[in-house]
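J.: Coordinates for the following, if possible.
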Amino acid sequence: MGSIRSLVLMQLMILLNVILTVKASTPAVAKPGCRSRCGDVIIPYPFGTGRDCNITAGFFINCNTSFIPHKPFFGGNLEVIDISTDGQLRILSHASYDCFNTSYRNWLFYNFRLFEFSINNNKNKFTAMGCDTYAVVQGSYGQRYTTGCLSLCNNITDVSNGSCSGIGCCQTSIPKDVKSYDISLSSYANHTNVLLENPCSYAFVAEIDNYTFSASDLHGFEFQGKQFPITLDWKIGNKSCNEANMDVNNFACKEYSKCVDSENNSGYLCKCLEGYVGNPYLTNGCQDINECESMSPCNGTARCTNLPGTYNCSCPVGYEGDGKKSGTGCSLPNKDQSKTSPLIVALGLALGFLVFSWG
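T.: Predicted structure coming up:
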């Protein structure tokens, strides 16, 4: 009985040691003492839920505890679904609609404003749907712009699933560096000719990969409450890396990280150096990757040694090579070659002597 108890105790100690090791090696996400998640969403610094938990007021995340699970909101009423330290924030946005029946019109045109961040023009598109629809999207925060598209069809049988070329669905790109949009919808005949099949026009900004058009979307009123994910770009301040680095006290990039200018050099991001992982905005946030454990990069006979930001593979005594799986590995020297090499050298010397003698 005593031996079983000792064995169980030993196993528990091993398990505890593994847990502590994993916990110690897990990079920090939020500032010490700050909430690191809201519901299912992780909140990494420089974002935070107030006090000193976020780098500036523009990075404040409101964790609404009235929802189960809790929900994070940004900029007032924009629900956050993901935050990345790589400079992107994903939110949910509503669709605008313009609906008709035989006696009245019901519509809602959606808009929002961003002050510090912008809409990613590579990952999002403006989409409009309807058989009697023209849609306009415009904004004046950041880059001023106006664009839109036209969508028509005689009946839903003309529509092709997955196609937004102007028959039942149309799409256009969002310009670069825009921080707001206002959507407006209109029609030529109030959907009179297609009312039974398509009573509504819809328009929204959404991630390209998160919506595929279907003819069934033209039926009914289901899209009135639908939300779509949008990717936003964020950055630190409005200075370039060279300018920001001069202000040591307020420079956001911590040890073992590098500064990367935003595309227009207005603001910057921080990234952990190669061989490190974690949150580059926190002190001790970038931690060394133990490549020996996570990658097993060395040949089976080689010894792997983890080093700060890198690793080293060393072959056993008597073997040659770099010890890496992706390199030359470890192998025994070619004995036949080592035996014949002196002979080749001797013949070369003899030939050289003969040529010299004849000369």
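J.: State the next helix or strand along the chain beyond the helix or strand of the chain with the lowest mean pLDDT.
T.: Least confident helix or strand of the chain, by mean pLDDT, DSSP states H and E, is helix 2-25 with a mean of 42. Next helix or strand after helix 2-25 toward the C-terminus (DSSP states H and E): strand 37-38.
J.: Now that next one: average pLDDT?
T.: In this model, strand 37-38 has an average pLDDT of 96.
J.: What of stretch 241-258?
T.: Mean pLDDT, computed over stretch 241-258, is 95.
J.: go on, stretch 159-169?
T.: Stretch 159-169 comes out with an average pLDDT of 94.
J.: Figure out how far that stretch is from the centre of its chain.
T.: Mean-position distance between stretch 159-169 and its chain equals 29 Å (C-alpha atoms, centre = their mean, to the nearest Å).
J.: which outside residues touch that stretch?
T.: For stretch 159-169, the external contacting residues (C-beta atoms under 8 Å, 6 or more residues apart in numbering) are 127-131, 149-153, 156, 158, 170-171, 198, 212-215, 218. Bear in mind the C-beta positions are built from the backbone N, C-alpha and C, glycine included.
J.: go on, stretch 306-324?
T.: 256, 273-276, 288, 290-293, 297-299, 301-305, 327-333.
J.: Tell me which of these fall in strands.
T.: The members of the contacts of stretch 306-324 that map onto strands under DSSP state E are 276, 288, 303-305.
J.: Is it correct that residue 134 is in contact with residue 151?
T.: Yes. Contact status for residue 134 versus residue 151: in contact at 7.4 Å, counting by C-beta atoms under 8 Å.
J.: Which ones among the contacts of stretch 159-169 lie within strands?
T.: Counting by DSSP E, the contacts of stretch 159-169 place 127-129, 149-152, 170-171 in strands.
J.: Show me where the stretch 1-150 of the chain dips below the pLDDT cut-off.
T.: Along the stretch 1-150 of the chain, segments meeting pLDDT under 70 span 1-27.
J.: Tell me, domain by domain, which residues of the chain belong where.
T.: 28-84, 93-233, 235-288, 291-335 (automatic domain parsing).
J.: wait, isn't residue 231 in contact with residue 205?
T.: No. Counting by C-beta under 8 Å, residue 231 does not reach residue 205; the two are 10.1 Å apart.
J.: Find residues that contact each of those two.
T.: Joint contacts of residue 231 and residue 205 (C-beta under 8 Å, 6+ apart) are 119, 124.
J.: How much space separates the closest residue in space to residue 70 that isn't next to it in sequence from residue 210?
T.: Leaving aside its chain neighbours, residue 70 sits nearest to residue 39 (4.0 Å; criterion: C-beta to C-beta, 6 or more residues apart in numbering). Noted for residue 39: a distance of 20 Å to residue 210, by C-beta to C-beta, to the nearest Å.
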